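A.B. asks: Just to be clear, the model below is a prediction. Sequence and coordinates:
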Amino acid sequence: MLCTNRQKKQNMDKVISDNKIRCKWCNLKNPLYIKYHDEEWGISNFEDSYLFEMLILESFQAGLSWECVLNKRASFRTAYNNFDLDKVCSYDERKIAELLSDEKIIRNKLKINASINNAKVFKKIQQEYGSFYNYLKFYIGDTMIYEIERTSSELSDIISNDLKKRGMKFVGTTIIYSYLQAIGVIYSHDKDCFMYKSE
């Protein structure tokens, strides 16, 4: 259901009136972005279903803003069968054509093809390690990393290179760094953000 102008104004008033300082990248005019910033970004979530969803969404971000992807997240969930790994792995040319005609998502053929390919690699990693989280844990251990104002690191370089060797696409070090921030491996809230912490 579409929000009415009055509902949108009420949402905006609520956002403005809370007087909280947030990370500079967070668009305070977008309640969806506020919610993501406050309730999801940087908060550890290592369920494989979530790890898969975020990996696919981050790959679509390449060359775009995260806000653009986030605004289409609900539509991506519908188009991608709620990111059911087995279903995405089985997507065929007919499904690809369907995705390319879906105006509610990002219709980039290379990224759509990569998402299906990456799903298959993701599944192989699950089979090898028992879960995708176990694979990540091999590199990240059990410690959360606290750092700000970076877009890549030695860790994101290593994971990116390994995923590329395994055949994944659109998983450069910047994308992987952003992914690690999103899933709560790297905690990067700005120093003046109300959610900032250093340990």
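C.D. replies: Done, it's in.
A.B. asks: Determine the longest helix present in this structure.
C.D. replies: Counting by DSSP state H, the longest helix found in the chain is helix 109-129.
A.B. asks: so what's the residue positioned nearest the centre of the chain up against?
C.D. replies: Centrality entry for the chain: nearest residue to the mean C-alpha point is residue 54, 3.4 Å, by CA atoms, centre = their mean. Contacts for residue 54 (CB atoms under 8 Å, 6 or more residues apart in numbering) come out as 179, 182, 183. For the C-beta atoms, the positions are set from N, CA and C on the backbone; glycine is no exception.
A.B. asks: dump the residue contacts of residue 154.
C.D. replies: Counting by CB under 8 Å, 6+ apart, residue 154 has no contacts.
A.B. asks: Mind listing what's buried along the longest helix of the chain?
C.D. replies: Neighbour-count burial for helix 109-129, with 16 or more other CB atoms under 10 Å as criterion, is recorded at 111-112, 114-116, 118-123, 125-126.
A.B. asks: any idea which of these is the one closest to residue 66?
C.D. replies: Closest approach between these and residue 66, by CB to CB: residue 111, at 14.5 Å.
A.B. asks: Can you give me every residue that contacts that closest one?
C.D. replies: For residue 111, the contact set (CB under 8 Å, 6+ apart) comprises 59, 60, 62, 170.
A.B. asks: end-to-end on stretch 134-152?
C.D. replies: 22 Å (CA to CA, to the nearest Å).
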